[in-house]
Every structure is written in structure tokens, then in C-alpha cells.
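S.K.: Sequence and computational prediction follow.
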Amino acid sequence: MEVPILKQGHFLIASIQSALTDADLSQLREALVLRVGKLRARGVIVDVTALDVMDSFAVRTLRDIAHMTRLRGAETVIVGIQPEVAFAMVQLGLTLKGVATALDLEEGLAFLDRFTKERFERA
Amino acid sequence: MAAKQSPSVVSPERQTGAGADIAALLRELVAHLRQNRTQLREEWARRITRAQLLTAMTEEEIFAEATSVYDNYVEALETGTFEALQAYARNLSERIIPRGVETHEVVGIVLLLRDVLARSLFAKYHEDFEKLNRILDAYEPAANRIANTVAVGFVQERERIIRQQQEAIRELSTPVLQVRERLLILPIIGVIDPQRARQLTEQLLRAIRTNRAKVVVIDITGVAAMDANVANHLVQTVEAARLLGATVIVTGLSPEIAQTLVTIGVDLSEMATVGDLQGGIEEAERLLGYKVVLQSELPHPATKA
Amino acid sequence: MREETLQPVSSDVDIVSARQKGRELAAKAGFSEGDQTVIAAAISEIARNILMYAKRGEVSVTLANSEDRIGVIVVARDQGPGISDVARALQDGYSTSGGLGLGLPGARRLMDEFEIHSAPGQGTTVTMKKWRRSA
């Protein structure tokens, strides 16, 4: 199942709707890395609210998305990780180190606003 | 039950199989207990009162429970199955435990019943000593098993209730407090075992979501000791909170705990720590963009009113 | 209460089905949402292990009712190449597939009991159990 990617201003929003297979996740990664450059996005939000479990493959893919889009000039923030999912993740040893996280879409947008503004002003 | 009229018929059966013999004896026994139900039940209830057992209950209540236990007892003897008795024992325990009935009382009353019934068997068979012995041989294992079932049922029920209460106390002992918009405080007091640590984490993560918290201060001033296991749990809690987008500040690490953590080599590099709760809250407010200023230091205090 | 689900694993869609079935059964057994998630994550890891190393196999999830506790038993079986160094495969960060190396050790951390039988050419069977906390 393909994940819809919306463009809002300078940001891309990928909103996961249901459980994803490994192939779906890989496809999402490719689509985001491609589109960040094409649409000159400065930020990416991946909304995982709908995921009721995240295993090592899912987490690795999210981490790869964050690192790859950063190389392409966009900061990624993962939003909507459920409390139970977060707890299971840390027990598995999956902590998404170095990747920004936020409570929900609204917080994710606020984070990217702040982040890109700082970077813009510094530049 | 037919065996009751002709006890001598039992003898040839003994040669063919002890099992059939015991079954016949038990049948006879059950018939005897049914026949003398009223009298034996009353005798038992009297002895319970005399032994000052079940003092938390009225005499009527004791008699009512004695009746049920008696009937279940006889039924277990008759059928050889203990599920019904087990269920009844649990149910009984559930009712009497809140009233303060103790384990020794329950064991006591079951032993009393065993005694009352044994005495009535003595009275009935005292002229046929050999028969009495065989009846007792059949009765005793069953009676022991019944006593065991009831006592174990009671103890299990008690343990269940204790567990439940522990759970309740645990929940009370880990309040997650919202002190400001988006700021939670979790003061931890007492001993943390793995189960409590897990519960604490689950509670905190849910609270972060419902309160939309951005910063959490975990104060462990009230925690006396911490082993590697619990320390790792704390680290996991901090990491899980970050996955929900919240920053955790840990305050109040005692000198002992600080030494332990460094000695056992728990990786705390990712954890923000501040000396005391006040400092932690100040740091949290700074992160949230609050600035606390004395009124006298405001630029134009008069015009602001 | 005794129920069982069986999920053959031969593609990545099956990983999703296996963990969803496992979660449903765990929910039926009365596990908390937190534990349901933990069980689902563990199933996901071992199901992916099958797919990566053996290409095909199966995952069964059974409700277990012992004397005083309720739990789930997850068994993952394959006829693949097997593991030559089981102890090493259970170490964090050890992976021959370029993954995070969290599959087996991760699943072991999530569950209460974990057992693995494997030898080169003999396939691999992983049995893991999780018990419901306090009745």
C-alpha cells in the first residue's frame, strides 16, 4: 500500500494510513528522497500515528529516511509514535538516535518551522 | 448405597480390586453423612463457635457457611472430583477475607469437620473394628485432599487480593503531575522494582500523550537505591519519552545512586540531569520558553496592572 | 481457552499478517496493549528472520493456559540453512544480512522465555513465550 505524500509549503508530509510491509517502507523511502530534491522541500514529516508496531526494519527505514533527506537538504521529523509502540521500541533497543521526533503533526510542523527559520537566519 | 445393608458382601470384592472396595466404602460413607447431615452439621458449627474460630461472623452466618461446606464436602467425597469444591472455596474466601478471617481459622474449621466426621464414624462402627479401619482408610485420603483443597484455595485467594492491593498502592504511589502547560513532574518515592518501573513508564508515556507534554521532570530524591536493572529502565523511559517528542530531565540523584550508576557503567550520556527538583523545573521552564521574573524587576509594574 | 493461529511466511506481506494474528490472539488472552505491541514486535522480528535466511517457513501462535497463568507461545520454524553459531546470533549487533542485527536478541529481550534450536542444514526453530503479568 502506497503512502500518500502531501506538499505543504516547504514541507512534505507522508501520512502512513495502515500497516506497512517492508516493500512499502522501502518504497516510501525512495519516494521521499526523490521528492525532497524535486520539490526543493526543507522539511519532511512522517506521521506514524497509524502504526501499532514498529520493528527493527521499520525503525531502520525511518532512520535512513532522516539521514538521506538530510543529505538532500531537508530535516525529517517523525511524529505520532504511540506510547505502547515507543515502549516496545526501547525494549528492542531501537531509539532512533539522531532523528527528530514530535508528539503529532502540529508539533512536527512547529518544530520544522523553528528549525528551518534558525537555519535560514543563520545563512 | 446398597452396600450399606450388607457390609459382609464387600469382602469378596476386596480380592478382586482395592479400588472397587474403596469406592463401595466411600458410597457407604456418603450415605451415612447424608443421613446424619442435620446433626453432624450442627455439631460442627457448635465446635467452631466453641473453638472461637470465625469470630468475625455471626452464628447464623457460620451455620449457613457450614451447611454449604458440608454439602460440598460430601459431594467431593462422592464424586471424587474437586472442581466444585475448589470453586466454592474460592468463592467463600472471597467473601470472608474482607471480613478479616485468617488462614489458621479456615484450616481450623476444615480440620474440625474432619474430626467431627471421624468421630461419628467411630461411633457408628466401633463394634466392627476391621470395618472401621477400612472405612477410615477410604475416608482419610479423601478428607486430606479436601482439607488441602480448601486451604490452598483460601491462600491463593488471599494472595490474589494482596497482589491486587499492591497494584493499587503502586498506582497511587506514582502520580504524574502537570505543573504547567506542557510540563509534567513525576516524583518517584520508595523502592523501584522492575514491575513498578515498567508501570511507571507506561503511565508516564500515556500522560505525555494526553497532556501533550513537551518536558518531563523525573525526581528521584525519594529513591534510596538503584541497581543496574532499574537504572536501565530509567534510561529506557527517557528514550521512550523522547520518541513521543518529550524531553526528560532527571533530578535528585543521591550521592549513593550517582556512585552506583557510574561504577556499574550505565550509559547516561543521553540523559539530562539537574541537581534538585527546583533546578529541574527551572531548566524545564527555560526549555519551554518561560521566564520567571520577580514583579519588582518588571520594567513598569504599575502600568501593567 | 486454547487457540492457535498459523501463518506461513514466504513474503513480506506474511510478516505483517503473522504479527497481526499474534496481536489479536494476545488481545484475546487479555494482554495489555503494551504487551500486545511487544508480542507483535517480537513476532515481526523472528518472521523477518525466516524470510531473510530461510526464504520460507511458518510462525504459529498458541494460547497457553498453565495452572496459574495465561500466556502466548510463539513458534517460528524453517527448513533453511540453520545457524552455525547460535550464541553469536543472539548477540546484539550481529547480523549476516546487513540488518541492525536486532532480530533474535531483540525478540529475546521482548519475551519472557526464549529458546532456539538450530544447526547447519537442519533448519531453525525459535520458541518464545510471554506470560500475562498478575492474574
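M.R.: Noted; the coordinates are in hand.

S.K.: With adjacent residues omitted, what lies nearest to B:N211?
M.R.: In space, and not counting its chain neighbours, B:N211 is closest to B:Q178: 5.3 Å by Cβ to Cβ, 6 or more residues apart in numbering or on different chains. Backbone N, C-alpha and C define where each C-beta goes, glycine included.

S.K.: pretty sure the one you found belongs to a strand, no?
M.R.: Yes - the assignment for B:Q178 by DSSP: H, G, I helix; E, B strand; the rest coil puts it in a strand.

S.K.: count of residues packed around it?
M.R.: As a burial measure, B:Q178 scores 14 neighbours (other Cβ atoms under 10 Å in any protein chain shown).

S.K.: got the buried residues for stretch B:206-214?
M.R.: B:R206, B:A207, B:I208, B:R209, B:N211, B:R212, B:A213, B:K214 (16 or more other Cβ atoms under 10 Å in any protein chain shown).

S.K.: again with stretch B:57-66
M.R.: For stretch B:57-66, the neighbour count (16+ other Cβ under 10 Å) marks B:M57, B:I62, B:F63, B:E65, B:A66 as buried.

S.K.: Now do stretch B:27-41: distance to the chain's middle.
M.R.: With Cα atoms, centre = their mean, to the nearest Å as the basis, stretch B:27-41 stands 36 Å off its chain's centre.

S.K.: Quickly list what the residue nearest to B:N211 is bridged to.
M.R.: Assessed by DSSP bridges, B:Q178 has beta-bridge partners B:L184.

S.K.: Surely it touches B:L184?
M.R.: Yes - counting by Cβ atoms under 8 Å, B:L184 is a contact partner of B:Q178 at 5.6 Å.

S.K.: Which residues are in contact with each of these two?
M.R.: The overlap between the contact sets of B:Q178 and B:L184 (Cβ atoms under 8 Å, 6 or more residues apart in numbering or on different chains) consists of B:A207, B:N211, B:A213.

S.K.: In contact with the closest residue to the last one other than its chain neighbours, which residues?
M.R.: Of all residues not flanking B:A213 in the chain, B:L184 sits nearest, at 4.6 Å (Cβ to Cβ, 6+ apart). Contacts were defined as Cβ under 8 Å, 6+ apart; by that measure B:L184 touches B:V176, B:L177, B:Q178, B:L204, B:A207, B:I208, B:N211, B:A213, B:V215, B:V216, B:V217.

S.K.: And C:G82, how far from C:L104?
M.R.: C:G82 sits 13 Å away from C:L104 when distances are taken as Cβ to Cβ, to the nearest Å.

S.K.: Look at those two and report which has more neighbours.
M.R.: Neighbour count, other Cβ under 10 Å: between C:G82 and C:L104, C:L104 has more, with 24 against 18.

S.K.: so how far is C:A119 from that one?
M.R.: 15 Å.

S.K.: B:I249 now?
M.R.: Distance, B:I249 to C:A119, using Cβ to Cβ: 50 Å.

S.K.: continuing past the helix or strand encompassing B:I208, what's the next helix or strand?
M.R.: B:I208 belongs to helix B:194-211 when assigned by DSSP states H and E. Next helix or strand after helix B:194-211 toward the C-terminus (DSSP H and E): strand B:215-222.

S.K.: List the buried residues of that following strand.
M.R.: Of all the residues in strand B:215-222, those buried under the rule 16+ other Cβ under 10 Å are B:V215, B:V216, B:V217, B:I218, B:D219, B:I220.
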